[in-house]
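Colleague: Okay, sequence plus prediction incoming.
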Amino acid sequence: MTATTTEPRPAGKHASEQAAETSPNRPRRQRPAIGPKLVNSLGAAVVIALLGALWEGYKALGQAWDDKIPGLGWKFPVATDDMSMPHLSAIFHALTEPASRADSTTLFSYLITETSVTLREAAYGLVAGSLLGLVLATVFLYSGPLRKGLMPWLVASQTVPLVAIAPMIVIWGGKSGAPPWVAVTGIAAYLAFFPVTINTLRGLRSPSRVHLEFARSIATNRRQQLFLLRIPSALPFVFAGLRLAATASVVGAIVGELSAGTGRGIGRAILTFAYYYSNGPEKLYAAVLVAAVAGIVFVELLGLLERLALRHRHTA
Amino acid sequence: MSVSRSQRRRGLVRFSVALIGLAFLASACGGMSEETSGKAAEAGKDCTSKTKVKVVLQWVAQAQFAGYYAAKDQGFYDKECLDVTIQEGGVNIVPQQLLQAGNVDFAVSHVTKTMVTREQGANLVNIGQVFQRGAYLQVAWADSGIKTLADLKGTKVGSWGYGNELVLFAAMKAAGVDPKKDVKVIQQPFDMSLLLKHEVDSAQAKTYNEYAQLLETKNPKTGKLYQPSDFTAINLDDSGYASYEDGIYARGDWLDDPKNAETAVKFLKASYEGWGYCRDNLDGCVDVVLKAGSALGAGHQTWMLNEVNKLIWPSPQGIGVVDPKRWKQTIDIAKLGGVLKKDPDSGAYRTDLTEKALAELKADGFDTTGDSFQGEQVEVTPGGE
């Protein structure tokens, strides 16, 4: 590819956008300089370091004052001994130790392997749940009675505690002869469909009256309006929903694993380490840390997808 | 500026596609299905067809269930032409639920819990009582002055609840301590942190698990592991209060089909052989468990298996045979605690399937009683590593 200074216009841009881009009042969007980027990453590093310092500082204070505020005698809300709050260094050290005598894989790579199982369950659940959400939103757009009738039930479905639902889904899944991970995926989908439905519906209704009237005036039918106007303008909303759904599906997969006898996944690892907590508290913290980081990566992957889909928009 | 925006965008697009593709590629490799060991494939080669059965455990893979994992790994199930799937238990899900729902063919469960389910109308039958002795301990600090159950009066007693308190309360009542008035019962999580932090005066523990966790913990004062002399452990079984724990269950109506009864005999036979393997090969069996479980500590699992072996062996009447006296005591304790209203009917347990399995095992030269069994001295490792 040769470097060009002139920019080819992406097809299908609104005239107004083009006008805005070339208008002298608005500064032309340029590649951000290295400076702000560096500041951002430095800032993130500082925040993480501060959080770490807060953990260690609280622990050190508690150790020095015997978990009581001097003079007042108030107890610290969380005890600071190594059992309750292992040192950060202990947590990171645990990650480099072998996970078990059976083989030499480190705890870190063991946790990553287990997390990949969980993220796969979450990804399948996210896809299934999102598809359901998109279909529901489209149906609701055109059918008021269905929307009014079903929406309260959808809301109710999300307020029922997951710990009550999960065993039921596991039993149903097992009855149908499906392997346990299918139930886990089902639970992930169960949590994922809701934000997609709500956000997509909002997005589909987001075109302004002017746009809709214009579409009608040029004799477009409903389907054309849906595909040419409503869906494109719904995309940012859909992605906002998908982001929520992605976090929810990871939570669903982990909670699902606690109930389902899959034997694999980060949820099971967390369960085991919680069970043997007094044997190695830092292992539980390490597992939770890896699960959290994996969740972030999962959601960020979706963010990339969003930038990809909305790359021709300024709002992206 | 030399690099255009579109180019930058194309770079981003490519990068994203590559990253997402990579993520899916990484997720495409195994982890969701289980593998068969070489031994198992070899043992099952003479079978024309295999019967698929599922067994659900009470909890995650650990040495408490070593016999079943050993039977699978060593090909004992395959030898009987069974294709066994071992499903681990989980939070909020109990084996008897899955058995009753028909998700699994066999369940490993306690007598009391299963009989409560039976009283509610589920036709669940004990077909093999693997653990002959009870594993409950009540552990206190040695310097707390608690030496016997009677000393618990006026103290904070940790208990797991969910039926685990029954044996303890029955034993306490017999020792003259009213669990409702004389003590403060504190709900205990499944580790020993409450006792270690002195938030309770005594805590429940099982010989094969939580007690070892205590000994695997470093004493922050000395920097060395806690010693048995630091604790008083009151063994409820030794005090004469035993409740039958892990046994094998199936549905009564399922067993009515002679074909299924035959499958059950095969399953029992192979499972008992697995337990025999674990009795005679402590280290080999621990390795099987470590392979099956997630990041388990070898030291802790060795301790667990050794203690579990002591609960099973010796079995004077043969492994899995219910002793009516012990059965009655288990039921009486449950009735005393108010969880069972009346005695279960006579169909609640049957010994014929186990006896048939044992007869076949004896014919093969297998030691079904383990009369000469003596536990080993297992070295405690820090953190159970």
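Modeller: Here it is on my side, so go on. Predicted, not measured: the structure shown is a model, and the values here were computed from it.

Colleague: Just the pLDDT at residue A:167, thanks.
Modeller: At residue A:167, the model reports a pLDDT of 82.

Colleague: quick one, what contacts it?
Modeller: With contact taken as C-beta atoms under 8 Å, 6 or more residues apart in numbering or on different chains, residue A:167 is in contact with A:259, B:92, B:93, B:97. From N, CA and C alone the C-beta is placed, and that goes for glycine too.

Colleague: Which one of these is nearest to residue B:325?
Modeller: Distance to residue B:325 across the contacts of residue A:167 (C-beta to C-beta) is lowest for residue B:97, with 29.6 Å.

Colleague: What is the burial count for the closest one?
Modeller: Neighbourhood size, residue B:97 [other C-beta atoms under 10 Å in any protein chain shown]: 18.

Colleague: And the one 4 residues further on, by the same measure?
Modeller: For residue B:101, the tally of surrounding residues (other C-beta under 10 Å) stands at 15.

Colleague: and what of residue A:105?
Modeller: With neighbours defined by other C-beta under 10 Å, the count for residue A:105 comes to 15.

Colleague: Got the phi and psi for the residue nearest to the spatial centre of chain B?
Modeller: Central residue of chain B (C-alpha atoms, centre = their mean): residue B:64, 4.1 Å from the mean position. With angles defined as degrees, to the nearest 10, residue B:64 sits at phi -60, psi -30.

Colleague: Could you pull out the helices in the stretch 101-250 of chain B for me?
Modeller: Ranges of helices in the stretch 101-250 of chain B, per DSSP state H, counting those that start in this stretch, are B:111-119, B:165-174, B:193-196, B:210-215.

Colleague: Would you reformat these as CSV and include distance to residue A:162, mean neighbour count and mean pLDDT?
Modeller: Converted to CSV, the helices of the stretch 101-250 of chain B look like this (distance: least, C-beta to C-beta, whole Å; neighbours: other C-beta atoms under 10 Å in any protein chain shown; pLDDT from 0 to 100):
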stretch, distance to residue A:162, mean neighbour count, mean pLDDT
helix B:111-119, 24, 22, 91
helix B:165-174, 27, 23, 88
helix B:193-196, 26, 21, 90
helix B:210-215, 28, 24, 92
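
Colleague: will you turn those helices into JSON lines that also has distance to chain A?
Modeller: What follows is these, written out as JSON lines (distance: least, C-beta to the nearest C-beta, whole Å):
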{"stretch": "helix B:111-119", "distance to chain A": "14"}
{"stretch": "helix B:165-174", "distance to chain A": "19"}
{"stretch": "helix B:193-196", "distance to chain A": "5"}
{"stretch": "helix B:210-215", "distance to chain A": "5"}
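
Colleague: would you list those in a markdown table and tack on distance to residue B:367?
Modeller: Listed next are these as a markdown table, based on distance: least, C-beta to C-beta, whole Å:
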| stretch | distance to residue B:367 |
| --- | --- |
| helix B:111-119 | 25 |
| helix B:165-174 | 30 |
| helix B:193-196 | 38 |
| helix B:210-215 | 27 |
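
Colleague: which residues touch residue 91?
Modeller: Went with chain A since none was named. By C-beta under 8 Å, 6+ apart, the contact set of residue A:91 is A:282, A:285, A:286, A:289.

Colleague: nope, chain B please
Modeller: Applying C-beta under 8 Å, 6+ apart, we find residue B:91 in contact with A:163, A:258, A:259, A:271.

Colleague: per-residue confidence for it?
Modeller: The model's pLDDT for residue B:91 equals 76.

Colleague: mind exporting stretch A:117-134 as PDB, just the C-alpha atoms?
Modeller: The C-alpha trace of stretch A:117-134 is given here as PDB (Å, rounded to 0.1, in the frame of the first residue of the first chain):
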ATOM      1  CA  VAL A 117     -13.100 -22.900  28.300                       C
ATOM      2  CA  THR A 118     -15.300 -20.400  30.200                       C
ATOM      3  CA  LEU A 119     -14.900 -17.700  27.600                       C
ATOM      4  CA  ARG A 120     -15.900 -20.100  24.900                       C
ATOM      5  CA  GLU A 121     -19.000 -21.000  26.800                       C
ATOM      6  CA  ALA A 122     -19.600 -17.300  27.300                       C
ATOM      7  CA  ALA A 123     -19.000 -16.500  23.600                       C
ATOM      8  CA  TYR A 124     -21.500 -19.200  22.500                       C
ATOM      9  CA  GLY A 125     -24.000 -17.900  25.000                       C
ATOM     10  CA  LEU A 126     -23.400 -14.300  23.900                       C
ATOM     11  CA  VAL A 127     -24.000 -15.200  20.200                       C
ATOM     12  CA  ALA A 128     -27.100 -17.200  21.000                       C
ATOM     13  CA  GLY A 129     -28.500 -14.600  23.500                       C
ATOM     14  CA  SER A 130     -27.700 -11.700  21.100                       C
ATOM     15  CA  LEU A 131     -29.500 -13.300  18.200                       C
ATOM     16  CA  LEU A 132     -32.500 -13.900  20.400                       C
ATOM     17  CA  GLY A 133     -32.300 -10.300  21.600                       C
ATOM     18  CA  LEU A 134     -32.100  -8.900  18.000                       C
END
